[in-house]
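> Sequence first, then the predicted structure, then my questions.
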Amino acid sequence: MGRVCSPPMAGPTPTSSSDRPTGIVGEPTSRRLYPTSAGAPGIVRVAAVTGGKLRELDGEAAVTGLPGLLAEPGTSVWADLGSPSPSEVEAVGSSLGLHPLIIEDILEGNQRAKIETTDGVVHLVLFALVHGESFVASEIDIVLGDGFLLTVHDAAWDPHASHHLRDNGLAAILAKGPDHLLWAVSDDIVDGYFPFADTLGDSIDAVQDEILRTPDPASLEKLFQLKRELIEVRRAAGPTREVFNQLTNREMTMISPDELVYFRDVYDHVIRLTDEMDNYRELASSTLDVYLTQVNNNLSVIMKRLTGVTVILAGVGAIAGIFGMSEAGNALSGGEANGFWLITAITIGLASLAAAVLHKIDWI
C-alpha cells in the first residue's frame, strides 16, 4: 500500500533550500520509507529498445547494465524502480547523470505534484490513487531525459500493468521514444482517478438519501468522511492540471511535437476530472446544509408538540386552580354540588377538543 500523503499545491517554483533536510546535496537523507525498502532490496527493472528490439534487465544486472544501454545510439531506455533503497536510487541516478537536487527530491519524497526542469531534464511528481480503507495517494517520481525515462514509486503500484502497456506491449510503446512512454504512464495514472471520483459521487448520493430519511449523527460522520476523501483526491489530482498545462504549452526538447497531442488529451481528462471534483465538493457542502435544515425542522416539530401539550395542561391547570385544593375533600366525599362536576366535565371536554385540534394541525 502506498504512503499516505497530502501533497501541497502544484507550481513551477522549486522547493526552497530551507525546506530541505540538512546535509550534503545529493546525500541520501531520505525520509521516504517504502514497505519493502527497510533492509530488503527494491525492484529495479530496465528496458531498452533499439531498432525495434526489446531488451530487459532486472536486479543488480539492471543497475550495472544501464550505462552500457544509455551509451548505445538510438536506444530508448526505461529505468523503473519500485520501493528502491537510497543506494539503488543513487546508483541509477548517477548512471543517468541526474542533478543531485533531483536525486535528493526523489529520496526525500513528500513532494508536491509538480513539474521542474533542471539541466535539460524534466522531473515530474504525480500521485496514483489506491483505495483501501480510505483513499491513499502514492507518490510517483518521473524523470524524462534525452533517450531515457526514470520512474520511482512504491512497489504496490506497477506501471507495467497500465492498460497501454498491456494492450500495445512495452516494445511498441518504448520504440516511439521515452516521451511516448511518459504519456502512456501518466495517462494511466489520470485514468485511474475517475473510478475514485465515481465512487465518491455514488457515496455522496447514498448519504444524501440517508440524511433525507434519518438525519442522525452516523450520517453526519459518513458525510464528513466523504469530505475528507474529497480533499485528499482533490489534493492529488488538482495540481496535476498545472503539470500537464505546462507540458503542453512549454517548449521542451525532450518531448516531440508529435507527442503534444497525446498530452493535450490527458490535459482534457484532468480538466474534466477537476470539474467533477468541484461538483462533488459542492454536493457535499449542500448535503451538510440539508442535514442542518432537517435537524432544525425536527427541532421545530418537537417544539410545536411541546407547545401543544403545554396549552392543554395550562388550560386544565388554570380551571382547576379556581377551585383550589380545599375542595378536594368535599368532592371525594360527595359533598360537592352538581356544578362542580359540570365544570370538571367541561374542562375535560375542552382539553380533549384542544388535543384533537392540535393533532389535526400536526402539533402533537
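Sure, I can see it. Here the structure is a predicted model, which is why all the values come from computation and not from measurement. Numbering: from 1, shown residues only.
> what comes up buried for stretch 111-125?
Neighbour counts using 16 or more other C-beta atoms under 10 Å place 111, 112, 113, 114, 115, 116, 121, 122, 123, 124, 125 of stretch 111-125 among the buried residues. Using the backbone N, CA and C atoms, a C-beta is placed for each residue, glycine as well.
> sec struct for the last one, please.
In other words, residue 125. strand (DSSP: H, G, I helix; E, B strand; the rest coil).
> and it, what pLDDT?
Here, the pLDDT recorded for residue 125 equals 92.
> got it, and the fourth one?
The per-residue pLDDT reported for residue 114 equals 87.
> Can you give me the distance of it to residue 140?
The span separating residue 114 from residue 140 equals 12 Å under the rule C-beta to C-beta, to the nearest Å.
> just the fifth one next, same as before
Here the distance between residue 115 and residue 140 works out to 13 Å (C-beta to C-beta).
> can you check the second one too?
Relative to residue 140, residue 112 is positioned 13 Å away (C-beta to C-beta).
> so what sits against both of those two?
Between them, residue 112 and residue 140 share the neighbouring residues residue 125, with contact defined by C-beta atoms under 8 Å, 6 or more residues apart in numbering.
> where's stretch 109-116 relative to the chain centroid, distance-wise?
On the basis of C-alpha atoms, centre = their mean, to the nearest Å, stretch 109-116 sits 17 Å off its chain's mean C-alpha point.
> Share the number of residues neighbouring residue 226, please.
Around residue 226 there are 21 other residues, counting by other C-beta atoms under 10 Å.
> ugh, wrong one, residue 211
Neighbour number of residue 211 under other C-beta under 10 Å is 22.
> just checking, it touches residue 290?
Yes: using C-beta atoms under 8 Å, residue 211 makes contact with residue 290 at a distance of 5.9 Å.
> So residue 155, which state does it fall into?
For residue 155, the reduced secondary structure class is coil; criterion used: three-state DSSP.
> What distance do you get for it to residue 225?
When residue 155 is compared with residue 225 (using C-beta to C-beta), they lie 28 Å apart.
> Of those two, which one has the most company?
Neighbours of residue 155 and residue 225, each counted by other C-beta under 10 Å, are more numerous for residue 155; the result is 17 against 13.
> so what sits against both of residue 115 and residue 140?
residue 125.
> coming back round to it: between residue 114 and residue 140, what contacts are shared?
With the criterion set as C-beta under 8 Å, 6+ apart, the overlap between the contacts of residue 114 and residue 140 is residue 125.
> quick one on the thing from earlier: out of the buried residues of stretch 111-125, the closest to residue 166 would be?
Using C-beta to C-beta, residue 124 is the member of these that lies nearest residue 166, at 22.3 Å.
> In the protein, which helix is the longest?
As far as residue count goes, and with DSSP state H defining each element, the longest helix of the chain is helix 260-323.
> how many neighbours does residue 95 have?
A total of 22 residues lie near residue 95 under the criterion other C-beta under 10 Å.
> in what helix or strand does it lie?
helix 86-96 (DSSP states H and E).
> Tell me which residues are up against that helix.
For helix 86-96, using C-beta under 8 Å, 6+ apart, the contacting residues are 26, 28, 30, 41-42, 44, 63, 66-67, 70, 79, 81, 84, 102-103, 106-107, 143, 145, 148, 150, 152.
> those helices in the stretch 51-200 of the chain, which residues are they?
Per DSSP state H, counting those that start in this stretch, the stretch 51-200 of the chain has helices spanning 60-71, 86-96, 100-108, 163-168, 170-175, 178-191, 193-213. These are given in chain order.
> Restrict the first one to CA atoms and write it as CSV.
Okay, so that is helix 60-71. Once non-C-alpha atoms are left out, helix 60-71 reads as follows in CSV (Å, rounded to 0.1, in the frame of the first residue of the first chain):
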residue,chain,number,x,y,z
GLU,A,60,21.8,-5.9,-10.0
ALA,A,61,22.2,-6.6,-13.7
ALA,A,62,19.9,-3.7,-14.4
VAL,A,63,22.0,-1.3,-12.4
THR,A,64,25.3,-2.4,-13.8
GLY,A,65,24.0,-2.7,-17.4
LEU,A,66,22.2,0.7,-17.5
PRO,A,67,25.3,2.8,-18.5
GLY,A,68,26.0,0.5,-21.5
LEU,A,69,22.4,0.7,-22.7
LEU,A,70,22.5,4.5,-22.5
ALA,A,71,25.7,4.7,-24.5
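> and that helix, how far from the chain's centre?
When distances are taken as C-alpha atoms, centre = their mean, helix 60-71 is centred 38 Å away from the chain's centroid.
> Mind telling me which residue is nearest the centre of this structure?
Closest to where the C-alpha atoms of the chain average out (C-alpha atoms, centre = their mean) is residue 233, at 2.2 Å.
> Sort out which residues of stretch 64-81 are buried, please.
The neighbour-count check on stretch 64-81 (16+ other C-beta under 10 Å) flags 65, 66, 69, 70, 75, 76, 77, 78, 79, 80, 81 as buried.
> Of all pairs in those, which one spans the longest distance?
That would be 75 and 81, which, of the buried residues of stretch 64-81, are the farthest apart (C-beta to C-beta) at 19.0 Å.
> now the helices of the stretch 51-200 of the chain in JSON lines, with mean pLDDT and distance to residue 245?
Rendered in JSON lines, the data for the helices of the stretch 51-200 of the chain read as follows (pLDDT from 0 to 100; distance: least, C-beta to C-beta, whole Å):
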{"stretch": "helix 60-71", "mean pLDDT": "90", "distance to residue 245": "30"}
{"stretch": "helix 86-96", "mean pLDDT": "91", "distance to residue 245": "26"}
{"stretch": "helix 100-108", "mean pLDDT": "90", "distance to residue 245": "21"}
{"stretch": "helix 163-168", "mean pLDDT": "89", "distance to residue 245": "22"}
{"stretch": "helix 170-175", "mean pLDDT": "92", "distance to residue 245": "24"}
{"stretch": "helix 178-191", "mean pLDDT": "93", "distance to residue 245": "13"}
{"stretch": "helix 193-213", "mean pLDDT": "83", "distance to residue 245": "16"}
